[in-house]
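>>> sharing a model prediction with you, sequence too.
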Amino acid sequence: MAKYLTGRPGWLLLCVLGLVFPFVAKNDYHLTVMSTAYIFAIATIGLNLITGYTGQFNLAHSGFMAVGAYTVGLLTVDYQVPFWIAFALSGVVAAALGFFVGLVSLRLKGHYFSIFTLCVGYIMYLVIEKWESLTHGTVGVIGIPAPSPIGPLAFDTPRSLYYLVFFFLVAGVFVMHRIVNSLLGRTFMAIRNGEALAEAMGIPLMRNKLLAFMLSVFYAGLAGGLYAGFVRFLGPGLAGVEHSFDMTMYMLVGGLGTLLGPLLGAIAVPWLTQYLQFLQEYRFIVFGPILVALVIFLPHGVVGSWLAWRARRAAAQAAQARPLAVAAEPGASRA
């Protein structure tokens, strides 16, 4: 069973489930919930690169997502730039800003880096809220156009928007898979496992951490651009630090430092909160203990704990097979 759920068959199964979901969804609201979950899954996958694979806990991630969203919103509404050009610039602008932020913040380590990025995220929120001449302040950006058609493909229905977001999610997961399984990804993991040891091996710490940070916020910027075209309204709340904590929760629930974990967490947690809506303000009384139980009994997340169990089982089987192999060698009985 595990053989079919891991590797290429498992990913193909997830793709098939994503493709058929609009046909089993009961209404457009379910499509909206799933599409929004996909958008935040893209941003969470980017956050997982800098936090899970490189070991730098960035709390300004939602601010960079808002930068990408406002890039699309302001360019399309105030300057009539075509949507797809503005969308392409959303990731570039977020990565460019991430270069300057990372150049300063990545000189810090551990919780000092996290506190610094928390402050940066709050500054982003204040800039978006107070700079009314540029960002429209608390009024927000209204009337953002939907993604323009690509040939015969129009994105004017919830189902078509769902497939558009799903396409970018699949593309984002594929690119991230190539990154983390490349030499560059192993470099990031070496930095996570020990900066002093990585530096002793000749790995340029600052350059690689900065690259990981820029790639991470590039994902956040693209997710923000998709969010702007999907929701078509923006307010300063998107830059709030609570969204960074939400994405951190998705990583912890699914599995920090895994590719599948943040994806499953970003999809499962919003649906769980939706099904607890009948409890109204009491739903967090139920949701909170569930999260605490996950942290206690599955400290590496659902996917991370499963991978750890599989590794222990493989090691145990190898240890049991070793004496049998030795006993089967010619001359072993005579010895």
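Looks like it arrived, so ask away. Numbers count the residues shown, from 1 in each chain.

>>> show me what the host helix or strand of residue 68 is packed against.
Element membership for residue 68 (DSSP states H and E) is helix 61-78. Using 3 or more Cβ pairs under 8 Å, 6 or more residues apart in numbering; DSSP states H and E, the elements in contact with helix 61-78 are helix 28-48, helix 83-105, helix 111-130, helix 132-135, strand 141-142, helix 205-231, strand 233-234, helix 241-254. From N, CA and C alone the C-beta is placed, and that goes for glycine too.

>>> what comes up buried for it?
For helix 61-78, burial by neighbour count (16 or more other Cβ atoms under 10 Å) applies to 61-77.

>>> got it, and stretch 98-112?
Using 16+ other Cβ under 10 Å as the test for burial, stretch 98-112 gives 98, 101-102, 105-106.

>>> now stretch 21-35
21-22, 25, 30-35.

>>> tell me the one among those residues nearest to residue 318.
Nearest to residue 318 among the buried residues of stretch 21-35: residue 21, at 39.7 Å, using Cβ to Cβ.

>>> in this structure, which residue is most central in space?
residue 44 (1.6 Å; Cα atoms, centre = their mean).

>>> related to what we said a few turns ago, tabulate the buried residues of stretch 98-112 in CSV, adding columns for pLDDT and distance to residue 121.
As requested, these are arranged in CSV below (pLDDT from 0 to 100; distance: Cβ to Cβ, whole Å):
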residue, pLDDT, distance to residue 121
98, 96, 12
101, 96, 10
102, 95, 13
105, 94, 11
106, 94, 15
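
>>> I'd like those as a markdown table, with distance to residue 296 appended.
Listed next are the buried residues of stretch 98-112 as a markdown table, based on distance: Cβ to Cβ, whole Å:
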| residue | distance to residue 296 |
| --- | --- |
| 98 | 34 |
| 101 | 34 |
| 102 | 34 |
| 105 | 32 |
| 106 | 32 |
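
>>> give me the pLDDT for the spatially closest residue to residue 95 that is not a sequence neighbour.
Distance criterion Cβ to Cβ, 6 or more residues apart in numbering; nearest residue to residue 95, sequence neighbours excluded, is residue 218 at 4.2 Å. Note on residue 218: pLDDT of 97.

>>> which residues does residue 218 contact?
Residues counted as contacts of residue 218 (Cβ atoms under 8 Å, 6 or more residues apart in numbering) are 46, 91-92, 94-95, 98.

>>> can you check residue 255 too?
261-262, 265, 300-307.

>>> can you rerun that using 7 Å?
Residues in contact with residue 255 (Cβ atoms under 7 Å, 6 or more residues apart in numbering) are 261, 300-304.

>>> got it, and residue 157?
Counting by Cβ under 7 Å, 6+ apart, residue 157 has no contacts.

>>> wait, doesn't residue 259 sit right on residue 179?
No: using Cβ atoms under 7 Å, residue 259 is not in contact with residue 179, being 9.8 Å away.

>>> neighbour count winner among the two?
Using other Cβ atoms under 10 Å, the more surrounded residue of residue 259 and residue 179 is residue 259, with 21 against 16.

>>> which residue packs closest to the more buried one, ignoring adjacent ones?
residue 177 (5.9 Å).

>>> check residue 299 too.
Nearest non-adjacent residue to residue 299 (Cβ to Cβ, 6+ apart): residue 305, at 7.3 Å.

>>> residue 294 versus the one you found, what's the distance?
According to Cβ to Cβ, to the nearest Å, residue 305 and residue 294 sit 9 Å apart.
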